[in-house]
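In: here is my input; please provide its structure:
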Amino acid sequence: MMEGVKRPPDGLSPVVAVDRRLQTPIYRQVYDGYRAAILDARLKPGQRLPSTRVVAQELQISRIAAVTAFSQLVAEGYVVSQGSAGSYVSNELPDAPRPRGRESSTQVVRAPGTRRLPKSRLAECGGPWLDLRGPFRTNQPAVEEFPAELWGRLVARHARRMPLRQMLYGDDMGLPALREALADYLGTVRSVACTADQIMVVTGSQQALTIAAHALLEPGDSVWIEDPGYGGAHDAFHLAGARIAGVPVDGDGLDVAAGMRRAPRARAAYVTPSHQYPLGMVMSAPRRLQLLEWARRRGAWLLEDDYDSEYRYDGQPLASLYGLDGDARVLYIGTFSKVLFPALRVGYLVVPRDLVPRLRRFREAIDVFPATLHQAVLADFIEEGHFARHLRRMRVIYAERRRALEAALTRELPSMRVVGECAGMHLVLMLPRGARDRELAVRAARSGLAVVPLSSCYSGPAREPGLVLGYGSTRTSEIADAVRRLKSILTSKT
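Out: All right, here's what the predicted structure looks like:
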């Protein structure tokens, strides 16, 4: 094999059309097809070609025609023959490869539709710092602390013993074993009294929001969203054609009275009552009851994103909004992206019983059913007690990291205020009025610090500037130095 080339998969055949009605000889048609595939880079330099026997079988032509075509390709330098080792695309092509596809100047541009896609709120709330792996990243847990070896053994167990029925189409609501485990867990830990048939397994909170928005809302319906809040909710409701009403939050959570003034006829509200993103307050009991009463009177739906609820370091975890709901107006959303690892892509949506058929139908239309292997693994992970042990261990680790971060901020930046309950995996450093938090976040990103500007999380003008600092993926030993680097950026005159 030629050196310096990463070999693509062996023996792949390009699409070659052979038409016996043409006057062009069969060998020439095969030659032309392979030559075009090489020049268009559909066949890469160094890629092994199928044998002439395979080519003859696939195209249903004589072996002589296939051998003649390949001999011509070798003679002209497009292919290199290495005897019993096979034939390969040459690294030294005689002609410059042609660009694949049409040039933009000759393409016919067609309008994809009348609905305009919004500028991604997820990207806006992430900006150039979204893909950084440095300190303070908000959307990444401590994956190095995850019991990967144990998880791998569970995956191997299920991969080796996978029943044939799990290789076929599955339940559109998710694997029954996982939904049973989730119903037991949520009922015990989050006061979410539900049965397995009310739980829909999804790929994460974003898919849960998208399905719920399309199932519950008509184009033009108004939706309350916390302001500042989670950018992904804006995307999900916008794609459903909803009108978004940003509702301010205060120390008690979403301001229900302000919501009624801004959008009195809203059909739904999206809230993060257990740990508001990004400001971190917990919705008070009176405010929860006020929100539930509004939903009952209005006939509106409440989408409860139980963001970071598993991690509370001062007192016991709070009961869910779903657990207080006596009128079946709340849909409860959870995900394993933060408590386990993001690449797992498993979340869940708990649905009022009378809504199950409607949301099930929307799920069928979107992706039929979720993949089953990791659902089976996760069900065992929960039922065998590994999940509870992992959560207990991570609470200790994250609490230590939060204390270290708060102490470093108090020491290095005593004039700046830290907000957020002692929970979750992030806090907010409030900046002096007039500070340009987006510019500071860009400068921090250039220094390897993945902070998020608070202003990017507002749907309208920001009321105060600040920086959202995640500590989930930042080791305790790294925090003091990271805060000193942040201080130099915030206090620099340039």
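
In: pLDDT of stretch 257-273, averaged?
Out: Mean per-residue pLDDT for stretch 257-273: 96.

In: so what touches that stretch?
Out: 209, 213, 216-218, 221-226, 229-230, 233, 237, 242-243, 245-248, 253-254, 282-283, 288, 291, 294-295, 298, 300-307, 320-321 (CB atoms under 8 Å, 6 or more residues apart in numbering). Glycine gets a C-beta too; all of them are placed from N, C-alpha and C.

In: go with 6 Å
Out: Residues from elsewhere that reach stretch 257-273 (CB atoms under 6 Å, 6 or more residues apart in numbering): 217, 221-225, 233, 245, 247-248, 253-254, 283, 300-303, 305, 307, 321.

In: restricted to buried residues, select those in PyMOL.
Out: Restricted to buried positions by 16 or more other CB atoms under 10 Å, the PyMOL selection for these reads:
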select buried, resi 217+221+222+223+224+225+233+245+247+253+254+283+300+301+302+303+305+307+321
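
In: filter the contacts of stretch 257-273 down to just the ones in helices.
Out: A233, L321 (DSSP state H).

In: what's the longest helix in this protein?
Out: Longest helix in the chain, counting by DSSP H: helix 386-412.

In: what is the burial count for K487?
Out: Applying other CB atoms under 10 Å, we find 16 residues neighbouring K487.

In: before we move on, the earlier item: elements contacting the longest helix of the chain?
Out: Contact here means 3 or more CB pairs under 6 Å, 6 or more residues apart in numbering; DSSP states H and E; on that basis helix 386-412 packs against helix 476-491.

In: buried residues, the helix it packs on. List them.
Out: Result for helix 476-491 [16+ other CB under 10 Å]: buried residues E478, I479, A482, V483, R485, L486, K487, I489, L490.

In: now the next helix or strand after the longest helix of the chain: mean pLDDT?
Out: Using DSSP states H and E, the helix or strand that follows helix 386-412 in sequence is strand 417-419. For strand 417-419, the mean pLDDT works out to 94.

In: against which helices or strands is strand 417-419 packed?
Out: Under the contact definition 3+ CB pairs under 6 Å, 6+ apart, strand 417-419 sits against strand 426-430.

In: off-centre distance for the strand it packs on?
Out: Here strand 426-430 is found 23 Å from its chain centre; the criterion is CA atoms, centre = their mean, to the nearest Å.

In: paired strands for it, with orientation please.
Out: strand 417-419 (antiparallel), strand 466-470 (antiparallel) (DSSP bridges).

In: out of the ones you listed, nearest to V67?
Out: With distances scored as CB to CB, the stretch of the strands paired with strand 426-430 nearest to V67 is strand 466-470 (62.1 Å).

In: and the strands in this structure?
Out: For the chain, applying DSSP state E gives strands covering 79-81, 87-89, 199-202, 222-227, 243-250, 253-254, 268-271, 301-305, 330-335, 347-350, 417-419, 426-430, 452-453, 466-470.

In: ranking those strands by burial, who's on top?
Out: Sort those by mean neighbour count, taking mean count of other CB atoms under 10 Å, and strand 452-453 sits at the top with a mean of 28.

In: what sits up against it?
Out: T138, D437, R438, A441, V468.

In: show the average pLDDT along it.
Out: Here the average pLDDT along strand 452-453 is 94.

In: strand partners (parallel or antiparallel) of that strand?
Out: By DSSP bridges, strand 452-453 pairs with strand 466-470 (antiparallel).

In: okay, the angle between the partner strand and helix 476-491?
Out: Interaxial angle, strand 466-470 versus helix 476-491 (axes from the mean of the first three to the mean of the last three CA atoms, to 10 degrees): 170 degrees.

In: please state the offset of strand 466-470 from the chain centre?
Out: 20 Å.

In: what about this structure, any weak spots by pLDDT?
Out: Within the chain, the stretches with pLDDT under 70 are 1-11, 94-133, 315-317, 493-494.

In: so how far is the longest helix of the chain from its chain's centroid?
Out: Distance, centroid of helix 386-412 to centroid of chain: 24 Å (CA atoms, centre = their mean).

In: on that earlier part again, closest one to G385 among the strands paired with strand 426-430?
Out: G385 lies closest, by CB to CB, to one member of the strands paired with strand 426-430: strand 466-470, at 28.2 Å.

In: for the closest one, which outside residues touch it?
Out: With CB under 6 Å, 6+ apart, strand 466-470 has contacts from 136-138, 278, 425-431, 437, 451-452, 454.

In: what's the most distant pair in the residues you listed?
Out: Longest span within the contacts of strand 466-470, CB to CB: M425 and L431, 20.8 Å.

In: so which of these two has more stuff around it?
Out: Higher neighbour count among M425 and L431: M425, with 26 against 21, using other CB under 10 Å.

In: contacting residues for the closest residue to the more buried one other than its chain neighbours?
Out: Of all residues not flanking M425 in the chain, G472 sits nearest, at 3.6 Å (CB to CB, 6 or more residues apart in numbering). By CB under 6 Å, 6+ apart, the contact list for G472 reads P141, A142, M425.

In: give me that answer again for 8 Å
Out: R137, T138, Q140, P141, A142, K338, Y398, R401, M425, H426.

In: which of those sits closest to G33?
Out: For those, the nearest to G33 is Q140 (47.1 Å; CB to CB).

In: the closest one touches P342, doesn't it?
Out: Yes - Q140 is within contact range of P342, at 7.0 Å (criterion: CB atoms under 8 Å).

In: what about stretch 59-66, how long is it end to end?
Out: Terminal residues of stretch 59-66 lie 9 Å apart, using CA to CA, to the nearest Å.

In: may I see the buried residues of it?
Out: L59, I61, A65, A66.

In: what do you get for stretch 284-294?
Out: For stretch 284-294, by 16+ other CB under 10 Å, it's R287, R288, Q290, L291, L292, W294.

In: measure the fourth one to A257 for me?
Out: In this view, L291 and A257 are 11 Å apart by CB to CB, to the nearest Å.

In: kindly report the same for the first one.
Out: The spacing between R287 and A257, counted by CB to CB, is 10 Å.

In: one more: the fifth one?
Out: Between L292 and A257 the distance is 15 Å, computed by CB to CB.

In: which residue packs closest to F336, ignoring adjacent ones?
Out: That would be V346: by CB to CB, 6+ apart, it lies 5.0 Å from F336.

In: show me what contacts A181?
Out: Shown in contact with A181 (CB under 8 Å, 6+ apart): L378, A379, I382, E383.

In: mind redoing it with 7 Å?
Out: Contacts for A181 (CB atoms under 7 Å, 6 or more residues apart in numbering) come out as A379, I382, E383.

In: then V418?
Out: Contacts here follow CB under 7 Å, 6+ apart; on that basis V418 touches E406, L409, L427, L429.

In: for burial, what's the neighbour tally of the second one?
Out: It refers to L409. So L409, with other CB under 10 Å, has 20 neighbours.
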